[in-house]
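Asks: Need coordinates for the following:
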Amino acid sequence: MCKAYRSAAETVWAARDVDFTARAGEFVCVYGASGSGKSTLLNLLAGLDAADSGEIRVGGVDVGTADEALRASLRLRTVGVVFQEHNLIEEFTAAENVALPLEAAGLSVAEARGQALDQLARVGLAGLEDRFPWQMSGGQRQRVGVARALTGQRSVLLADEPTGALDSTATKELFELFRKLCDDGVLAVICSHDPRCRDFADTVYEVVDGRLESRS
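Replies: Numbering: from 1, shown residues only. Take a look at the predicted model:
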């Protein structure tokens, strides 16, 4: 798979001859310098961007040929995305933030809250469901983001520098959480410049000028 950004002055390869397979229960760490193509890779996997050539299949869906409605459905039901900034709604509690995509998918408020509480407990936040983001630590807010990304029984987790705003203790705890989720069957593709990510991963790739080079 290839993706390039072209201008009159130059061509910048965000993804160049990328070829890899990841399976359920696998923790994939993708590391590389800023601007190397990590974020573009995640956007391509999530169907938020389109490749110039090649094929991308996620959960049996050909992301490259799928229309926007099918890509949106894939993100709603199969693929969850965690961002460096948690992107929580400050006026909503943790449970309300996690329940929001479920309500968008058609669940009742009660059903959505029930599933939200289950996911919050899954990421170690049982008892904190009615706190607002401003009442939580950075690590806790990021865990809410992970819980939201897993709602609806999503099985693929994509994270772009999820520990970039966290201290060392919260960073280690978040990587431990990703490891636990993968041991439970989730596929996680984590893009990070933090070398500790590699210690928890099953498979490690380095992105160099858009090329994905295996390190394990």
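
Asks: now for the longest helix belonging to the chain, which elements pack on it?
Replies: If you go by DSSP state H, the chain has its longest helix at helix 168-183. Secondary-structure packing of helix 168-183 (3 or more Cβ pairs under 8 Å, 6 or more residues apart in numbering; DSSP states H and E): strand 27-31, helix 138-150, strand 156-160, strand 187-191, helix 197-200. (Each C-beta comes from the backbone N, C-alpha and C, glycine too.)

Asks: Next up, the contacts around Leu177.
Replies: By Cβ atoms under 8 Å, 6 or more residues apart in numbering, the contact list for Leu177 reads 123-124, 143, 146.

Asks: Give me the distance between it and Gly139.
Replies: For Leu177, the distance to Gly139 equals 9 Å [Cβ to Cβ, to the nearest Å].

Asks: Cys197 too?
Replies: For Cys197, the distance to Gly139 equals 15 Å [Cβ to Cβ].

Asks: now Thr144, nearest residue through space, not along the chain?
Replies: Actually, residue 144 is Val. It isn't Thr. Ala94 (4.8 Å; Cβ to Cβ, 6 or more residues apart in numbering).

Asks: Please apply the same query to Ile190.
Replies: Nearest one to Ile190, counting by Cβ to Cβ, 6+ apart, is Ala159 at 4.7 Å.

Asks: got the CA positions of stretch 204-211 in CSV?
Replies: Taking C-alpha atoms only, stretch 204-211 is exported to CSV below (Å, rounded to 0.1, in the frame of the first residue of the first chain):
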residue,chain,number,x,y,z
VAL,A,204,7.3,-4.0,16.5
TYR,A,205,7.7,-2.0,13.3
GLU,A,206,9.7,1.2,12.7
VAL,A,207,8.4,3.7,10.1
VAL,A,208,11.3,5.2,8.1
ASP,A,209,10.2,7.7,5.4
GLY,A,210,6.9,5.9,5.0
ARG,A,211,8.4,2.4,4.9
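
Asks: buried residues in it?
Replies: 204-207, 210-211 (16 or more other Cβ atoms under 10 Å).

Asks: swap in stretch 71-86?
Replies: Neighbour count says stretch 71-86 has 71, 74-84, 86 buried, by 16+ other Cβ under 10 Å.

Asks: Could you do stretch 3-22 as well?
Replies: Within stretch 3-22, the residues scored as buried using 16+ other Cβ under 10 Å are 3-4, 13-16, 18, 22.

Asks: ditto for stretch 84-96
Replies: For stretch 84-96, by 16+ other Cβ under 10 Å, it's 84, 86, 88, 93-96.

Asks: Return the subset of these lying in helices.
Replies: Counting by DSSP H, those contribute 94-96 to helices.

Asks: The helix or strand hosting Glu103: which residues count as buried?
Replies: Here Glu103 is covered by helix 94-104, with elements defined by DSSP states H and E. Neighbour counts over helix 94-104 (16+ other Cβ under 10 Å) mark 94-102 as buried.

Asks: With stretch 167-174 instead?
Replies: Buried-residue list, stretch 167-174, by 16+ other Cβ under 10 Å: 170-174.

Asks: Lowest pLDDT pick from these?
Replies: Across the buried residues of stretch 167-174, the bottom pLDDT score, 85, is held by Ala170.

Asks: circling back: so between Cys197 and Gly139, which is more surrounded?
Replies: Cys197 (25 against 19; other Cβ atoms under 10 Å).
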